[in-house]
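S.K.: Got a predicted structure plus its sequence, pasted below:
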Amino acid sequence: MYEHRKQALLPRREFLRRLGRSVAVGAGLIAFSLGLGMLGYHLLEGLPWIDAFLNAAMILAGMGPVAELHGGAAKLFAGCYALYCGIALIATTGVILAPVIHRALHKFHLEDSPDV
């Protein structure tokens, strides 16, 4: 997927295309996570869709829940969803930043390499 350190630096246009794909994958992961949270809050706690969206978005953003949960299943879901969101945040950040970090490291190594 990425060029080898002995290969030339990817042209800017192709790099931006690669970065755009990474952002799209990251946005897809966020949308999936938000949808999963909304579905869980709506089905397990009976929250209206707008309140389920608010609760899921707040947990996904690291702010914490808004609505008070009453059922045991909903509380268990909220705990698991919060743990999942922490991992999803790290994964999404990695997916989006991977092309940028790779390009910076690749450029750094190109300057040190005498054979390129």
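M.R.: Arrived safely, thanks for sending.
S.K.: rest of the way, CA atoms for contacts and neighbours
M.R.: Noted.
S.K.: Return the helix or strand in this structure with minimum mean pLDDT.
M.R.: helix 72-112 (a mean of 89; mean pLDDT, DSSP states H and E).
S.K.: on contacts alone, who are the packing partners of that helix?
M.R.: helix 12-40, helix 49-60 (3 or more Cα pairs under 8 Å, 6 or more residues apart in numbering; DSSP states H and E).
S.K.: tell me the most buried of those helices?
M.R.: Ranked by mean neighbour count, the helices and strands packed on helix 72-112 are led by helix 49-60 with a mean of 20 (mean count of other Cα atoms under 10 Å).
S.K.: now that helix against helix 72-112, angle please.
M.R.: Orientation check (axes from the mean of the first three to the mean of the last three Cα atoms, to 10 degrees): helix 49-60 against helix 72-112 gives 50 degrees.
S.K.: and helix 49-60, average pLDDT?
M.R.: Regarding helix 49-60, the rounded mean pLDDT is 96.
S.K.: Would you mind putting the CA coordinates of it into CSV?
M.R.: Only the C-alpha atoms of helix 49-60 are listed here, as CSV (Å, rounded to 0.1, in the frame of the first residue of the first chain):
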residue,chain,number,x,y,z
TRP,A,49,-33.7,8.5,18.2
ILE,A,50,-32.6,12.0,18.8
ASP,A,51,-31.7,11.3,22.5
ALA,A,52,-30.0,8.1,21.4
PHE,A,53,-27.9,10.1,18.9
LEU,A,54,-27.0,12.6,21.6
ASN,A,55,-26.0,9.9,24.1
ALA,A,56,-23.9,8.0,21.5
ALA,A,57,-22.3,11.1,20.1
MET,A,58,-21.3,12.4,23.6
ILE,A,59,-19.8,9.0,24.6
LEU,A,60,-18.0,8.7,21.2
